[in-house]
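# Output the structure for:
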Amino acid sequence: MSPNFSSLGINGALQKSLKELKIDVPTDIQQKSIPILLEQKKDFVGLAKTGTGKTAAFGLPLLQLVDATKPNVQALILAPTRELGQQIFQNLQSYASNMPELSIAATCGGIPIKPQIERLTQATHILVATPGRLIDLMKRGAVDLSQIGYLVLDEADEMIGSLKQGLDEIFTSLPKEKRTWLFTATMPGTIKQLIQNYMSKHITQVSADMDTVGHQGIDHQYVVVEPIEKLDVLMHFLSSREGERGIIFCKTKAAVNKLAKNLAINKFSSGALHGSLSQGIRDRIMGQFREGHIDILVATDLAARGIDVKEISYVVNYHLPAVYETYVHRSGRTARAGAKGFSLSVIQKEEEIEIPDFEKELGLSFTKHQKAAAKNIEENNALLWAKKIFKSKPNREISPEFRSQIHTVFHHLTKDELVDKILADHLKNKVKPPIVNKRK
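Residues are numbered from 1 along each chain as shown. Sure, this is the predicted structure:
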C-alpha cells in the first residue's frame, strides 16, 4: 500500500490543503525526502528528475518547521529564474492555504524593487528569491537574513554556473548554524564542489526515480536534415502535432526571434521567450501558453527551468544544447507527473556523431526519426500557404474599379476551378530550377 502524507509526518493543516488541491499520493522524491527533512538536523541533497514534485518535497517540511510566532525570515529559497521563483511561491501559498499565520514573500528580478522592499517591512517567515535581486536587497539593507535557519537551493545545477558569484556573496552573509537543502536534477562536478564548499561534512543524500536521468516516459528521437530544409522539416512535424502544446528550444535569442517570426508568418500559434524581453512580455507570453491561447513556445534555455505547464506533448531541440545536463531540463518540460512525452532533436549530418555522447553521458537511448518525404513536405508547405491566404484580411484600400476588373477575369470560373488554378500557379513557382553544370 502506498504511503500517504500523514504517514510521512505532514500535519493536519497541510494535509487539508493537499486534499483540496487533489494531491493524494506522495511522489518518490517526496516519500524519501519529507521524513528526513522533518526529523533529521543534517544538511540534505535531493537528486530527482524535473517534474517529480521537488517543490512539495522541500516546501511541505519547510512550512511545518518554521515558527509562525516569530516575525523574522527563517527560511530562504533560492531559484535561478524569476519564472521558477514565482512558481515556487505560488505552490507554497497553495500548500499553506490553511495556515494563515504563515507569511511567504517572493523577491525576484525583472519587476520593480520598491514594492518588494515595502513587502519586507512586514512579518515574513519564508522568502523565495533569485540571487541577483536578493543581493540588491541586501545591499540596500532591505532584508534581514541573520535569523535564517533553513536555506534551500532549487535547481542548484543551474545556479552554480552563471550565478555562482552571487551565491558566494549570499552564503557568506548567512548564519553558519543553518540547515542547507539542495535539490537538483543532475549532479555535475560543480554541484559536488558546491556541496564540499558550503555544506557540512555530514549530509544525507537521496535519489529518486533516477533509473533514467532523461525521464522514462519520454521517447527521445533525432532527425538529420540539410540546413536548407531544417525549417520545412520542423513545420511538417509541427503540422503533424496540430492542436498539441510543445516547446522549441534554440541556442540564442537571435535564433528564437528568427524562428518565431517564421512560425508566425506561417500562421502557427506560437510565441517567443528569452531573457532580453521585458518581464511584462515574458509574463504575458507564459500566461498565454499556460492558458492554452498559444500552442508553441519558442525559447532559449531560460524556459527549461521551472516552467511547469501541464500537457506539453513534445519538446524540439532546434539546436542541440552545449551542456549535456541542459538536455535533461529541456526534455523534462514534457512527460510531467507520469505522463508520456516526446523529445525531437533536429540536427545536421555532422552533429549525428554527438548523439552517442548524449546517450552515454545521460543514460538515454535515442532512435532515428524518419524524415518526411520531399513530396509530403511540399504538400505541407502548400497547405500552410493556403491557410495564410484563408487568414488574410481583405485589402480595403483597393479601388472598386480595380477590384471589379479582377473579378471580371475570374468570374466565369467555379470555386473548384479557381482553387485548382491558384494551387497550380503556387506549385509551379515553388519548383527549383535545375542545376546547370557549367564545367566544360
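# For the stretch 1-150 of the chain, just list every one of the helices.
The residue ranges that make up the helices of the stretch 1-150 of the chain, judged by DSSP state H, counting those that start in this stretch, are 12-20, 28-39, 54-65, 82-95, 114-119, 131-139.
# do the stretch 201-350 of the chain as well
Read by DSSP H, counting those that start in this stretch, the stretch 201-350 of the chain holds these helices, from start to end of the chain: 230-240, 253-265, 279-290, 324-331.
# quick revisit: quick check: which of the helices of the stretch 1-150 of the chain is buried the most?
The highest mean neighbour count among the helices of the stretch 1-150 of the chain, using mean count of other CB atoms under 10 Å, belongs to helix 54-65: a mean of 25. No exception for glycine: its C-beta is placed from N, CA and C like everyone else's.
# Tabulate the CA atom coordinates of that one in CSV.
As requested, the backbone C-alpha atoms of helix 54-65 are provided in CSV (Å, rounded to 0.1, in the frame of the first residue of the first chain):
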residue,chain,number,x,y,z
LYS,A,54,10.5,18.5,-5.7
THR,A,55,8.8,21.8,-4.6
ALA,A,56,6.4,19.9,-2.3
ALA,A,57,9.3,17.7,-1.2
PHE,A,58,11.1,20.7,0.5
GLY,A,59,8.1,23.1,0.7
LEU,A,60,5.9,21.0,2.9
PRO,A,61,8.6,20.3,5.6
LEU,A,62,9.6,23.9,5.5
LEU,A,63,6.1,25.2,6.1
GLN,A,64,5.8,22.8,9.0
LEU,A,65,9.2,23.6,10.6
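# ok, and what's touching it?
Helix 54-65 is touched from outside by 5, 9-11, 14, 23, 26-27, 29-30, 33-34, 37-38, 46, 48, 75, 77, 87-88, 91-92, 95-96, 99, 102, 126, 150, 152, 154, 181, 183, with contacts defined as CB atoms under 8 Å, 6 or more residues apart in numbering.
# Can you check what angle separates it from helix 82-95?
Helix 54-65 and helix 82-95 are oriented at 50 degrees to each other (axes from the mean of the first three to the mean of the last three CA atoms, to 10 degrees).
# So what's the model's average confidence on helix 54-65?
If you average the pLDDT over helix 54-65, you get 96.
# follow-up on the earlier one: would you mind finding the most buried of the helices of the stretch 201-350 of the chain?
Here the criterion is mean neighbour count by mean count of other CB under 10 Å, and of those the winner is helix 324-331, at a mean of 24.
# For that one, which helices and strands make contact with it?
Here helix 324-331 touches strand 312-317, strand 341-348, helix 355-362, going by 3 or more CB pairs under 8 Å, 6 or more residues apart in numbering; DSSP states H and E.
# at 7 Å instead, please
Based on contacts counted as 3 or more CB pairs under 7 Å, 6 or more residues apart in numbering; DSSP states H and E, the elements that helix 324-331 packs against are strand 312-317, helix 355-362.
# Poorly predicted segments of the chain, please.
In the predicted model of the chain, residues 1-2, 160-164, 209-216, 303-308, 336-339, 430-440 satisfy pLDDT under 70.
# Break it into its domains for me.
What the record gives for the chain is the domain set 12-208, 218-374, from automatic domain parsing.
# before we move on, back to that, nearest to Asp416, out of the helices of the stretch 201-350 of the chain?
Between Asp416 and the helices of the stretch 201-350 of the chain, the tightest spacing by CB to CB is seen for helix 230-240, at 23.8 Å.
# Can you list the neighbours in contact with that closest one?
Residues external to helix 230-240 that are found in contact with it (CB atoms under 7 Å, 6 or more residues apart in numbering): 223, 225, 262, 266, 268, 296, 316, 318, 344, 346, 371-372, 376-377, 380-381, 384.
# now do 8 Å
Surrounding helix 230-240, the residues in contact under the criterion CB under 8 Å, 6+ apart are 223, 225, 246, 248, 259, 262-263, 266, 268, 296, 316, 318, 344, 346, 348, 371-372, 376-377, 380-381, 383-384.
# For that helix, C-alpha coordinates in CSV please.
What follows is helix 230-240 as a C-alpha-only set of coordinates in CSV (Å, rounded to 0.1, in the frame of the first residue of the first chain):
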residue,chain,number,x,y,z
LYS,A,230,15.6,22.5,-41.5
LEU,A,231,12.6,24.9,-41.2
ASP,A,232,10.5,22.9,-43.6
VAL,A,233,11.1,19.7,-41.7
LEU,A,234,10.2,21.4,-38.4
MET,A,235,7.0,22.9,-39.8
HIS,A,236,6.0,19.5,-41.2
PHE,A,237,6.5,18.0,-37.7
LEU,A,238,4.5,20.8,-36.1
SER,A,239,1.7,20.4,-38.6
SER,A,240,1.5,16.7,-37.6
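# Strand 341-348 and that helix, what's the angle between them?
The directions of helix 230-240 and strand 341-348 differ by 160 degrees, with the same axes, to 10 degrees as the criterion.
# from the chain's centre, how far out does helix 230-240 sit?
Between the centre of helix 230-240 and the centre of its chain there are 21 Å (CA atoms, centre = their mean, to the nearest Å).
# Next, the angle helix 253-265 makes with it.
In terms of direction (the same axes, to 10 degrees), helix 230-240 departs from helix 253-265 by 50 degrees.
# tell me the contacts of the closest residue to Val206 other than its chain neighbours?
Once flanking residues are discounted, Val206 sits nearest to Lys32: 4.4 Å by CB to CB, 6 or more residues apart in numbering. Lys32 is in contact with 46, 206, 208, counting by CB under 8 Å, 6+ apart.
# got the buried residues for stretch 176-191?
Taking 16 or more other CB atoms under 10 Å as the basis for neighbour counts, the residues of stretch 176-191 that come out buried are 178-187, 191.
# related to what we said a few turns ago, got CSV for the helices of the stretch 201-350 of the chain, with distance to Thr414 too?
Formatted as CSV, these follow (distance: least, CB to CB, whole Å):
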stretch, distance to Thr414
helix 230-240, 28
helix 253-265, 30
helix 279-290, 40
helix 324-331, 50
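# nearest residue to Gly132 other than its sequence neighbours?
Using CB to CB, 6+ apart and skipping the chain neighbours, the partner closest in space to Gly132 is Gly109 (5.1 Å).
# what separates that neighbour from Ser276, distance-wise?
In this structure, Gly109 and Ser276 are separated by 14 Å, where distance is defined by CB to CB, to the nearest Å.
# More neighbours: these two, which one.
The residue with more neighbours, out of Gly109 and Ser276, is Gly109; 17 against 12, by other CB atoms under 10 Å.
# hang on, Glu359 packs against Phe366?
Yes: taking contacts as CB atoms under 8 Å, Glu359 lies within contact range of Phe366: 5.9 Å.
# Pick out whichever of these two has more residues nearby.
Using other CB under 10 Å as the criterion, Glu359 and Phe366 rank with Phe366 on top: 17 against 14.
# isn't the more buried one right up against Tyr222?
Yes: taking contact to mean CB under 8 Å, the distance of 5.5 Å between Phe366 and Tyr222 places them in contact.
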